[in-house]
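Visitor: have a look; sequence and predicted model below, questions after that.
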Amino acid sequence: MTGPDKNNPFPLAHHNKLCFLKNIVTNPNIIVGDYTYYDDFEDVYNFEKNVKYHFDFIGDQLIIGKFCMIASGAQFIMNGGNHLSDAISAYPFAIFGHGWEGAMEGKTYPHKGNTVIGNDVWIGHNATIMPGLTIGDGAIIATNATVTKDVPPYAIMGGNPARVLRKRFSDEQIEVLLQIQWWNWDIQKITDHVQVLTGGDVKKLKELSKS
């Protein structure tokens with residue numbers, strides 16, 4: 001056995017509320033790694049509806065790594081939702097025309113870049129990720145958290161605005177895990193060692209990474 005088929009949109013038999021996400025996204029500016037799944041209470045095709053203000057003419061990308069877990073209601077706010085914040089008014093006059101067309105001449109709306117979600121990241125129910133952030137490998141975003149700044153690898157973030165509640169491992173162990181990058185192993189090797197991956201023995205995982 002080599003694990004589930006990464007190209008199967010619905011890897012759980014007779015269950016269509018969980019999907020391997022890369023197989024259902026249609027927006028070319030949403031890039032998803034293998035085995036990352038999205039679970040939705042109603043319809044997995046809600047995922048793209050929850051990527052907000054993602055306008056083609058802006059061109060920013062939502063990049064999600066491998067083996068991520070994204071819960072129902074998680075939202076990603078993209079750069080199209082930004083307004084001027086250092087001007088007298090944040091109102092988007094130019095989009096309405098009728099004499100307001102030139103309001104943005106010589107100006108640009110804030111653009112914070114791509115939103116990048118690492119590998120093996122768990123994003124909880126109704127969490128919100130603000131634009132241009134990087135969430136490190138192995139991080140956990142708690143239910144209802146609002147993430148407004150980059151998240152370190154293997155950190156647990158919660159609250160509004162979200163803050164680091166604790167780290168999942170010691171700094172030394174995190175460094176080892178980031179070097180191992182188990183999510184890039186051959187799928188057969190992952191399958192052979194799922195018992196180790198669901199345990200807490202980082203030293204043993206390091207030994208296996210050398211084999």
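Guide: Sure thing, it's come through. Numbers count the residues shown, from 1 in each chain.
Visitor: which residue is nearest the middle of the protein?
Guide: The centroid of the chain falls nearest to I117 when counting by C-alpha atoms, centre = their mean (3.7 Å).
Visitor: OK, contacts around the residue lying closest to that one once chain neighbours are set aside?
Guide: Spatial nearest neighbour of I117, chain neighbours left out: I64 (4.4 Å); criterion: C-beta to C-beta, 6 or more residues apart in numbering. In this view, the C-beta of every residue, glycine as well, is placed from N, C-alpha and C. The contact partners of I64, by C-beta atoms under 8 Å, 6 or more residues apart in numbering, come to 21, 30-33, 36, 70, 117, 121.
Visitor: over to R166?
Guide: 155-156 are the contacts of R166 under C-beta under 8 Å, 6+ apart.
Visitor: do you know how far it is from F57?
Guide: 41 Å (C-beta to C-beta, to the nearest Å).
Visitor: just to revisit the earlier point, ChimeraX command for the buried members of the contacts of I64?
Guide: Selection of buried members from the contacts of I64 for ChimeraX, criterion 16 or more other C-beta atoms under 10 Å:
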select :21,30,32,33,36,70,117,121
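Visitor: from the contacts of I64, which is closest to T108?
Guide: The closest of the contacts of I64 to T108 turns out to be I30 (C-beta to C-beta; 23.6 Å).
Visitor: could you pick out the longest helix of this structure?
Guide: Using DSSP state H to define each element, the chain has its longest helix at helix 171-180.
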